[in-house]
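Trainee: Structure here, sequence nowhere to be found:
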């Protein structure tokens with residue numbers, strides 16, 4: 001089952017287009033890195049992109065060097081990181097609780113909806129979760145040098161959060177169980193962190209002296225303490241995500257919650273109670289921190305999913321899948337029936353494309369039927385005390401998503417990426433020419449075009465990079481800079497020394513009115529292409 005789950009995670013990895021903004025931007029940074037062979041400083045549109053560290057970009061660039069610049073190559077590091085987490089969890093659970101717990105932990109993690117979503121997306125969080133998981137498990141097993149090396153690699157994957165979350169997850173458990181905090185750190189451990197994290201940071205700081213202030217103040221302190229990144233949400237934002245993200249494994253994971261008092265009282269003398277406190281600490285303490293954080297996105301809680309997978313595996317292996325099986329069966333059956341009935345009365349949102357609207361009913365119907373079958377498998381597994389049968393029921397409803405949702409994912413990819421506008425643009429420029437953004441920069445546009453795209457902009461924020469926007473005036477003066485003056489497009493439209501297609505946003509009505517003298521090539525409501533002049 002673990003092998004089947006791993007294959008399902010990677011099924012159709014290139015079956016849909018890059019989703020803007022994050023996937024398109026990250027894939028383009030990796031493409032430019034592969035092209036330039038500069039594996040030190042990431043670049044976007046030829047400009048330094050220091051909003052995120054280098055490890056994911058370097059891994060995706062290496063994949064593109066071998067496989068070419070494709071969606072699959074861009075997503076491959078996230079997928080491989082997820083497989084690596086599965087291996088870690090299988091090995092750890094098997095050492096702690098036996099063979100059945102091992103494969104159950106791997107299967108549970110691989111078949112959580114949140115894991116499935118981000119194992120197949122060109123963002124950093126699956127790789128970050130691997131390093132955080134490796135660090136936590138190494139700290140638990142008192143291998144601090146390995147743990148701090150993992151935290152160092154995590155830090156140059158997504159920043160200081162890779163150091164903070166493992167310590168928040170483990171330190172409360174250490175204190176609660178009477179262990180010494182000195183087991184978490186040593187001189188070799190600090191040296192391992194320095195060796196893995198500092199060389200890249202120092203090298204980039206020497207090339208860009210403004211980098212330390214940007215990464216520690218702008219990207220870390222302000223992100224956590226202020227609302228300047230426009231990602232604020234209520235304190236309870238993550239609570240529903242923590243129920244849906246690990247569904248349906250959240251049911252066995254929380255099945256023993258009513259025994260928390262007994263586990264707490266025995267935490268210093270009983271290994272099983274200590275395990276329960278450790279898993280609770282892994283989930284609850286980071287969750288409180290993330291809930292207090294002013295910047296919130298769903299994937300920020302991905303590093304908490306391994307703890308829930310371990311908790312579910314521990315419960316199912318210990319009680320032969322009989323604990324809370326009625327709850328699991330009832331929830332699965334109710335959701336299956338709801339999805340099946342939704343196909344008859346659910347109105348499709350008006351903002352969806354016709355292809356998306358057409359793909360939703362069959363996808364929902366198949367998933368509804370699968371959920372009903374999953375409920376039957378969980379009930380049968382509990383009745384016959386067959387953890388493997390029950391685990392199949394828990395897993396199958398998520399395993400089916402890549403297959404049942406393939407058509408819907410393809411439709412969403414066409415709507416959320418720049419591939420269609422590139423096709424229209426390149427067809428119009430078959431004889432050669434330029435593309436110019438007018439206060440507009442669809443993030444995946446340069447990736448699918450295979451070249452950088454100049455932008456007429458006042459602020460540089462169209463590139464979705466806080467670093468580039470903060471230093472836009474500086475980089476505008478660089479020879480060959482893609483950041484053009486805000487009115488540069490008007491000069492190009494007037495003189496038209498080279499055939500040019502202009503990309504603009506339909507909401508910029510004055511710009512659109514001026515460009516309307518040219519043929520409209522494409523308009524999806526977010527971006528429009530006019531030309532060539």
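Mentor: Now that the structure is in, tell me what you want to look at. If you're wondering where the values come from, they're calculated on a predicted model, not measured in any experiment.

Trainee: Which neighbouring elements make contact with the longest helix anywhere in the chain?
Mentor: With DSSP state H applied, the helix covering the greatest number of residues in the chain is identified as helix 354-383. With contacts defined as 3 or more Cβ pairs under 8 Å, 6 or more residues apart in numbering; DSSP states H and E, helix 354-383 has these neighbours: helix 325-345, helix 387-399, helix 401-404, helix 406-416. C-beta coordinates here come from the backbone N, C-alpha and C atoms, glycine included.

Trainee: In that helix, which residues are buried?
Mentor: 356, 359-360, 363-368, 370-375, 377-382 (16 or more other Cβ atoms under 10 Å).

Trainee: tell me the angle of it relative to helix 387-399?
Mentor: Inter-element angle recorded for helix 354-383 and helix 387-399: 170 degrees (by axes from the mean of the first three to the mean of the last three Cα atoms, to 10 degrees).

Trainee: average pLDDT across the helix or strand harbouring residue 133?
Mentor: Following DSSP states H and E, one finds residue 133 within helix 125-140. Helix 125-140 shows an average pLDDT of 97 in the prediction.

Trainee: Where in this structure is the helix or strand with the lowest mean pLDDT?
Mentor: When each helix and strand of the chain is scored by mean pLDDT, DSSP states H and E, helix 222-225 comes last, with a mean of 57.

Trainee: Name the next helix or strand downstream of that helix, please.
Mentor: Downstream of helix 222-225, the next assigned helix or strand under DSSP H and E is helix 238-244.

Trainee: Against which helices or strands is the following helix or strand past that following helix packed?
Mentor: Next in sequence after helix 238-244, counting helices and strands by DSSP H and E, comes helix 250-253. Other helices and strands packing on helix 250-253, by 3+ Cβ pairs under 8 Å, 6+ apart, are helix 305-319, helix 325-345.

Trainee: Please enumerate the strands of the protein.
Mentor: Assigned by DSSP state E, the chain shows strands spanning 43-44, 47-48, 434-438, 455-456, 483-484, 500-504, 520-523, 528-530.

Trainee: partners of the first one, with directions?
Mentor: I take that to be strand 43-44. Strands that pair with strand 43-44, judged by DSSP bridges, come out as strand 47-48 (antiparallel).

Trainee: How far off centre is the strand it pairs with?
Mentor: 23 Å (Cα atoms, centre = their mean, to the nearest Å).

Trainee: Mean neighbour count and distance to residue 437 for the helices and strands packed on helix 250-253 - can I get that in TSV?
Mentor: Shown next, in TSV, are these (neighbours: other Cβ atoms under 10 Å; distance: least, Cβ to Cβ, whole Å):
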stretch	mean neighbour count	distance to residue 437
helix 305-319	26	38
helix 325-345	17	40
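
Trainee: Please identify which of those is closest to residue 60.
Mentor: For the helices and strands packed on helix 250-253, proximity to residue 60 was assessed by Cβ to Cβ; helix 305-319 is nearest, at 22.3 Å.

Trainee: which secondary structure elements does the closest one contact?
Mentor: helix 71-97, helix 99-110, helix 125-140, helix 250-253, helix 271-292, helix 387-399.

Trainee: how about 10 Å then?
Mentor: Applying 3 or more Cβ pairs under 10 Å, 6 or more residues apart in numbering; DSSP states H and E, one finds that helix 305-319 contacts helix 71-97, helix 99-110, helix 113-118, helix 125-140, helix 250-253, helix 271-292, helix 354-383, helix 387-399.

Trainee: If you count neighbours, what's buried in the last one?
Mentor: The one in question is helix 387-399. 387, 389, 390, 391, 392, 393, 394, 395, 396, 397, 398, 399.

Trainee: Show the contacting residues for residue 169.
Mentor: 132-133, 135-136, 139-140, 278-279, 281-287, 289, 303-304, 306-307 (Cβ atoms under 10 Å, 6 or more residues apart in numbering).

Trainee: Give me the buried entries from these.
Mentor: Buried members of those, counted by 16+ other Cβ under 10 Å: 132-133, 135-136, 139-140, 278-279, 281-283, 285-287, 303-304, 306-307.

Trainee: returning to what we had before: mind checking the helices and strands packed on helix 305-319 for the one nearest to residue 496?
Mentor: helix 71-97 (34.2 Å).

Trainee: quick one: buried residues of that closest one?
Mentor: 71-86, 88-90, 92-94, 96-97.

Trainee: residues near residue 181, how many?
Mentor: 11 (other Cβ atoms under 10 Å).

Trainee: next one: residue 235
Mentor: So residue 235, with other Cβ under 10 Å, has 10 neighbours.

Trainee: quick one: residue 473 and residue 48, what's the gap?
Mentor: Plainly put, residue 473 is 14 Å away from residue 48 if you go by Cβ to Cβ, to the nearest Å.

Trainee: for residue 259, same thing?
Mentor: 53 Å.

Trainee: Could you do residue 30 as well?
Mentor: For residue 30 relative to residue 48 (Cβ to Cβ), the value is 15 Å.

Trainee: Residue 259 and residue 48 - which one has more neighbours?
Mentor: residue 48 (19 against 11).

Trainee: Distance check, the residue lying closest to the more buried one once chain neighbours are set aside against residue 53.
Mentor: Counting by Cβ to Cβ, 6 or more residues apart in numbering, residue 48 lies nearest to residue 41, which is 5.5 Å off, once chain neighbours are set aside. Distance of residue 41 to residue 53, given as Cβ to Cβ: 11 Å.

Trainee: which residues are common contacts for those two?
Mentor: By Cβ under 10 Å, 6+ apart, the residues touching both residue 41 and residue 53 are 200, 204.

Trainee: Among these two, which residue is more densely surrounded?
Mentor: The neighbour comparison of residue 41 against residue 53 (other Cβ under 10 Å) goes to residue 53, with 23 against 18.

Trainee: Just put the helices and strands packed on helix 354-383 in a markdown table and tack on mean pLDDT and distance to residue 146.
Mentor: Output for the helices and strands packed on helix 354-383, formatted as a markdown table (pLDDT from 0 to 100; distance: least, Cβ to Cβ, whole Å):
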| stretch | mean pLDDT | distance to residue 146 |
| --- | --- | --- |
| helix 325-345 | 86 | 36 |
| helix 387-399 | 89 | 30 |
| helix 401-404 | 89 | 33 |
| helix 406-416 | 88 | 37 |
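
Trainee: Out of these, flag the one nearest residue 201.
Mentor: Nearest to residue 201, of the helices and strands packed on helix 354-383 and by Cβ to Cβ, is helix 406-416 at 33.5 Å.

Trainee: could you give the angle of that closest one to helix 71-97?
Mentor: In terms of direction (the same axes, to 10 degrees), helix 406-416 departs from helix 71-97 by 130 degrees.

Trainee: name the helices or strands packed onto helix 406-416?
Mentor: helix 22-36, helix 354-383, helix 401-404, helix 419-428.

Trainee: go with 7 Å
Mentor: Contacts defined by 3 or more Cβ pairs under 7 Å, 6 or more residues apart in numbering; DSSP states H and E place helix 406-416 against helix 354-383.

Trainee: how close does the nearest residue to residue 8 once chain neighbours are set aside get to residue 367?
Mentor: Excluding its sequence neighbours, the residue lying closest to residue 8 (Cβ to Cβ, 6+ apart) is residue 399, at 4.7 Å. As defined by Cβ to Cβ, residue 399 lies at a distance of 11 Å from residue 367.

Trainee: ok so, going back, turn the helices and strands packed on helix 354-383 into TSV, including distance to residue 442.
Mentor: As requested, those are exported to TSV (distance: least, Cβ to Cβ, whole Å):
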stretch	distance to residue 442
helix 325-345	32
helix 387-399	31
helix 401-404	26
helix 406-416	10
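
Trainee: Figure out which of these is closest to residue 317.
Mentor: Closest approach to residue 317 among the helices and strands packed on helix 354-383 (Cβ to Cβ): helix 387-399, 6.4 Å.
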